[in-house]
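>>> My questions are about this predicted structure, shown below with the sequence.
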Amino acid sequence: MSSKKKSEAQKVNKRHSTLVQERSTWIFTGLAAAGIILTGYLTISGWLNQAPVLCSTGSSCDVVQQTRWGTFLTLPIAFWGFLTYATLFYIGIRAGKSRIQWKWAWTVALLGWGYSIYLISISSFVIQAVCFYCLASFILMTIIFGLVTFQRPKESEKFKFAGFARQTVVIAALFVGVMHLHYSGVFDPKAGPEDPFLKGLAIHLQQDQAVVYGAYW
């Protein structure tokens, strides 16, 4: 093959690679937008004390959202998901060839994906109830993480994907570990497991329709 034909083939391959990257970026941005709509809807429903669609009282979705894992720092966990998707969407619409932008996107996506895995695991093995919305968010985040990984820049002397990935995975693992300690009551007992005696007493008083009267002098 002549040098001219090789050059033309390289140009074609480069254009094809660029087109694939652009399409995956648009898909990534669209999925982030879908995540914004999903978590935004759940956040607003929580603030208005309204049950989301397919989340009636006593359903698996309602059970999951009413547990201690349903909030963080008094805010619905969906709100933190909203911020995560909004960050990814912002990175997506400003996507360029910057390696720093890709690193931020991959880090945020990995943190979101790792935390989604944690919540799904808690729902399945601890709460033993699966929330439809949590599952949908997990699927979205999994695809987003896969697309961002696919878009990783070529390795060079200044960038080694394996080394960067190991460091980021450690950060994500520490993040999930800290969140688990939070929900275990290590940092704040109020965020940890409920006292069985107090929970039983509350249920008993509610069933008896007890009314507490008090006075202050």
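All right, it came through fine.

>>> Could you verify my assumption that residue 136 touches residue 38?
Yes - using CB atoms under 8 Å, residue 136 makes contact with residue 38 at a distance of 6.3 Å. The C-beta positions use only the backbone N, C-alpha and C, and glycine is treated the same way.

>>> Between those two, tell me which one has more neighbours.
The residue with more neighbours, out of residue 136 and residue 38, is residue 38; 19 against 14, by other CB atoms under 10 Å.

>>> List the contacts of that one.
Counting by CB atoms under 8 Å, 6 or more residues apart in numbering, residue 38 touches 81, 85, 133, 136, 137, 140.

>>> before we move on, which element is it in?
According to DSSP states H and E, residue 38 maps onto helix 3-47.

>>> Ok, residue 168 next?
Using DSSP H and E, residue 168 sits within helix 161-183.

>>> For that helix, name the packing helices and strands.
On a contact count with 3 or more CB pairs under 8 Å, 6 or more residues apart in numbering; DSSP states H and E, helix 161-183 meets helix 99-122.

>>> Next, the angle helix 161-183 makes with whichever helix or strand comes after the helix it packs on.
Using DSSP H and E, the next helix or strand after helix 99-122 towards the C-terminus is helix 132-150. Orientation check (axes from the mean of the first three to the mean of the last three CA atoms, to 10 degrees): helix 132-150 against helix 161-183 gives 160 degrees.

>>> Residue 46 and residue 78 touch, don't they?
Yes - the pair residue 46 and residue 78 qualifies as a contact (CB under 8 Å) at a distance of 6.4 Å.

>>> hang on, the earlier thing: please identify the buried residues of the helix holding residue 168?
Neighbour-count burial for helix 161-183, with 16 or more other CB atoms under 10 Å as criterion, is recorded at 164, 168, 172, 176, 179, 182, 183.

>>> which ones are touching the fourth one?
With contacts defined as CB under 8 Å, 6+ apart, residue 176 is in contact with 114, 115, 117, 118.

>>> Please repeat the previous calculation with a cut-off of 7 Å.
The neighbours of residue 176, taking CB atoms under 7 Å, 6 or more residues apart in numbering as the test, are 114, 115, 118.

>>> cool, and residue 43?
Listed by CB under 7 Å, 6+ apart, the contact set of residue 43 reads 76, 78, 79, 82.

>>> In ChimeraX, select just the buried ones from the contacts of residue 38.
Here is the ChimeraX command that selects the buried residues among the contacts of residue 38 (16+ other CB under 10 Å):
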select :81,85,133,137,140
